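Asker: Need coordinates for the below:
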Amino acid sequence: MPWNASDIPDLSGRVAVVTGANGGLGFESAKTLAAAGAHVVMAARHQQKARDAYDTILEEHPSASLEIVELDLASLDSVRSAASQITDGHAVVDILMNNAGLMAMPERRTSDGFEMQLGVNHLGHWVLTARLMLAIIAADAARVVTVTSTAHHLGRRIDRDNPNLEGKYSPWGAYGQSKLANYHFAIGLQREFDERRLVATSLVAHPGLSRTNLQVHAVAQGGAGRGGHFWHRAAARTGMDPADGALPQLRAATDPRARGGEMYAPRFMQAGSPVRRPILRRIGMTKSIDTLWEVSERLTGEPLFDSSSE
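Answerer: Okay, the predicted model is just below:
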């Protein structure tokens with residue numbers, strides 16, 4: 001039988017942090033994790049939308065345990081503040097779902113000067129994961145799930161000399177770079193866990209094509225071009241319901257049979273039930289991961305592991 005939300009085990013007593021929990025796949029993930037008994041930290045930038053999502057989940061699941069934490073991944077100060085709020089309230093984090101993201105937008109910079117898609121999709125999550133690391137490794141068997149996209153196949157590894165694509169920016173090129181960074185981050189984090197003999201695991205998921213606001217926002221911002229309009233129409237006509245689109249990341253986060261370093265995705269690439277997919281190790285991937293680590297630490301000033309988490 002295909003895996004679905006009813007296969008999620010009891011998560012009572014577990015703490016799950018979901019970024020972008022106010023809408024789309026993040027909302028569906030937060031709702032499903034809460035329905036399974038987890039205490040869900042809804043980390044989101046838009047506070048009114050987060051409150052509306054919070055109320056909607058409680059209407060459907062009155063016993064859900066939820067809290068809202070303000071998180072703007074385009075500001076490292078906001079990321080650090082959110083992480084402090086989370087760790088002040090929770091000694092452990094059992095599930096961290098790095099879900100939030102932007103797609104194919106006109107060239108912009110974060111408040112820290114990073115190219116916006118790299119900053120939000122990867123660097124913000126890098127710092128959040130680093131700041132939550134002590135709580136992650138304090139859990140019995142925590143999972144970090146990072147959401148990528150099939151666009152990672154078209155992305156180029158991060159350029160250590162020009163990570164912000166200055167003078168070389170294109171909306172889809174930047175998106176592909178950020179999604180490949182997500183992919184490499186998940187695989188590289190598992191390598192770090194293994195080297196330190198930690199029980200925490202890192203997995204990667206991609207949701208296929210789902211009917212969320214991601215394509216809507218890409219078109220509305222005017223940077224996605226013909227590709228944006230194509231994917232907007234495709235999502236509207238053939239995309240999966242967001243509840244189904246969230247299943248790969250939910251399976252990665254909760255399936256007892258899932259293992260670190262694995263990827264979960266729709267059976268038919270853009271649609272279908274969530275299944276384990278092979279990690280395609282391109283030539284030079286180890287070097288690409290090493291470069292990602294070097295650039296991410298340099299840009300953010302934060303290693304994923306410090307001396308206190310060794």
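
Asker: All the helices of the stretch 201-310 of the chain, residue numbers only.
Answerer: Listed in chain order, the helices of the stretch 201-310 of the chain (DSSP state H, counting those that start in this stretch) span 213-221, 225-238, 242-245, 247-254, 285-300.

Asker: any low-confidence regions in the stretch 151-300 of the chain?
Answerer: 151-153, 155, 212-239, 282 (pLDDT under 70).

Asker: where along the stretch 1-150 of the chain do the strands fall?
Answerer: 15-19, 39-44, 65-70, 95-98, 143-147 (DSSP state E, counting those that start in this stretch).

Asker: gap between the nearest residue to residue 198 once chain neighbours are set aside and residue 127?
Answerer: Excluding its sequence neighbours, the residue lying closest to residue 198 (CB to CB, 6 or more residues apart in numbering) is residue 137, at 5.4 Å. Yep, even glycine has a C-beta here, placed from its N, CA and C like the rest. Per CB to CB, to the nearest Å, residue 137 is found 17 Å from residue 127.

Asker: Quick check on these two: which one has the bigger neighbour count.
Answerer: residue 127 (25 against 18; other CB atoms under 10 Å).

Asker: shouldn't that one be in contact with residue 302?
Answerer: Yes: Residue 127 is in contact with residue 302 according to CB atoms under 8 Å; the separation is 5.4 Å.

Asker: Relative to residue 264, which of the strands of the stretch 1-150 of the chain is closest?
Answerer: strand 143-147 (8.6 Å; CB to CB).

Asker: What is the closest one packed up against?
Answerer: strand 95-98, helix 124-138, helix 171-195, strand 201-205, helix 247-254 (3 or more CB pairs under 8 Å, 6 or more residues apart in numbering; DSSP states H and E).

Asker: Now do it and helix 171-195, the angle between them.
Answerer: Here the directions of strand 143-147 and helix 171-195 differ by 160 degrees (axes from the mean of the first three to the mean of the last three CA atoms, to 10 degrees).

Asker: Okay, now the sheet partners of strand 143-147, with direction.
Answerer: strand 95-98 (parallel), strand 201-205 (parallel) (DSSP bridges).

Asker: would you turn the ones you listed into JSON lines with mean neighbour count and distance to residue 48?
Answerer: What follows is the strands paired with strand 143-147, written out as JSON lines (neighbours: other CB atoms under 10 Å; distance: least, CB to CB, whole Å):
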{"stretch": "strand 95-98", "mean neighbour count": "29", "distance to residue 48": "22"}
{"stretch": "strand 201-205", "mean neighbour count": "27", "distance to residue 48": "28"}
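
Asker: Using JSON lines, please lay out those together with distance to residue 75.
Answerer: Output for the strands paired with strand 143-147, formatted as JSON lines (distance: least, CB to CB, whole Å):
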{"stretch": "strand 95-98", "distance to residue 75": "16"}
{"stretch": "strand 201-205", "distance to residue 75": "25"}
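
Asker: What's the separation between residue 99 and residue 13?
Answerer: 22 Å.

Asker: quick one: which of the two has more around it?
Answerer: Under the neighbour definition other CB under 10 Å, residue 99 and residue 13 were set side by side, and residue 99 has more, 26 against 11.

Asker: quick one: the more buried one and residue 23 touch, right?
Answerer: No: using CB under 8 Å as the test, residue 99 is too far from residue 23 to be in contact (10.4 Å).

Asker: I figured residue 164 was touching residue 114, is that so?
Answerer: Yes: at 6.1 Å, residue 164 counts as touching residue 114 under the criterion of CB under 8 Å.

Asker: Touching, residue 64 and residue 36? I think so.
Answerer: No: Residue 64 lies out of contact with residue 36 (CB under 8 Å); the separation is 9.9 Å.

Asker: Excluding chain neighbours, give the residue nearest to residue 268 in space.
Answerer: Using CB to CB, 6+ apart, the closest residue to residue 268 is residue 208 (7.9 Å).

Asker: Kindly tell me how buried that neighbour is, as a neighbour count.
Answerer: That count, for residue 208 with other CB under 10 Å as the rule, works out to 22.
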